[in-house]
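Engineer: Quick one, what's the 3D model for this:
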Amino acid sequence: MPRPFEDSRDSALRQAYKLLSYRDRSEKEIIDRLLLKGFSRGIAEDAVAFLNNKGFINDRKTAESFRRYAVENKGLGRKGVVQYLVNRGIPEDIAEETAGEESDYLDTAKRIVEKRLVLVKDCDAGTVRRRLWGLLLRRGFTGETISILMKDIIPKEE
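Structural biologist: Residues are numbered from 1 along each chain as shown. Model (predicted):
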């Protein structure tokens, strides 16, 4: 016979440890997952506070890990990284701090443009410029970064 669900800190901690065994998670992610599993908010917050005090949850370390993933795998710019971190449950102040400076993302933008240039090689310069600009803007790069890249890669039409 299945054991009835226990809304206790110990069972919440067991569930949280299981979640953390897969990958780092933010405080908010753990609380949300525990609530989804049926734990009360008080128990979930108590479990997260315990894990936080023991060093199992560290939003700054988790944010850095998520930032690396967002830049290397998703090719996001600074604004895109901040939004990605916030969506993953990282507090906005930590997300802003972790994202760094816009100039840190220039190499990522160059890599994206170089890959995309192969696909738009048959288009005229105006179309290429417009498509690349839109792509980089959607990924969270600023207009300033995009302008710098466009000057270097695509000569302005006269």
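Engineer: Who are the contact partners of the most centrally placed residue in the chain?
Structural biologist: In the chain, the centroid-proximal residue (CA atoms, centre = their mean) is Y84; its distance is 3.3 Å. Contacts for Y84 (CB atoms under 8 Å, 6 or more residues apart in numbering) come out as 66, 70, 74, 76. All C-beta atoms are positioned from the backbone trio N, CA, C, and that covers glycine.
Engineer: Which positions within the strand or helix carrying it qualify as buried?
Structural biologist: In this structure, Y84 sits in helix 78-87 according to DSSP states H and E. Buried positions in helix 78-87, judged by neighbour count with 16 or more other CB atoms under 10 Å: 78-86.
Engineer: Sticking with Q15, tell me its helix or strand.
Structural biologist: Using DSSP H and E, Q15 maps to helix 9-22.
Engineer: Using PDB, list the CA coordinates for the lowest-mean-pLDDT helix or strand in the chain.
Structural biologist: The helix or strand of the chain with the poorest confidence is helix 143-153; it has a mean of 84 (mean pLDDT, DSSP states H and E). What follows is helix 143-153, C-alpha atoms only, in PDB (Å, rounded to 0.1, in the frame of the first residue of the first chain):
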ATOM      1  CA  GLY A 143      22.000  48.400 -31.100                       C
ATOM      2  CA  GLU A 144      25.500  49.700 -30.300                       C
ATOM      3  CA  THR A 145      27.000  46.200 -30.400                       C
ATOM      4  CA  ILE A 146      25.100  45.400 -33.600                       C
ATOM      5  CA  SER A 147      26.300  48.700 -35.200                       C
ATOM      6  CA  ILE A 148      29.900  47.900 -34.400                       C
ATOM      7  CA  LEU A 149      29.600  44.500 -36.100                       C
ATOM      8  CA  MET A 150      27.700  45.800 -39.100                       C
ATOM      9  CA  LYS A 151      30.500  48.300 -39.800                       C
ATOM     10  CA  ASP A 152      33.100  45.600 -39.700                       C
ATOM     11  CA  ILE A 153      31.300  42.900 -41.700                       C
END
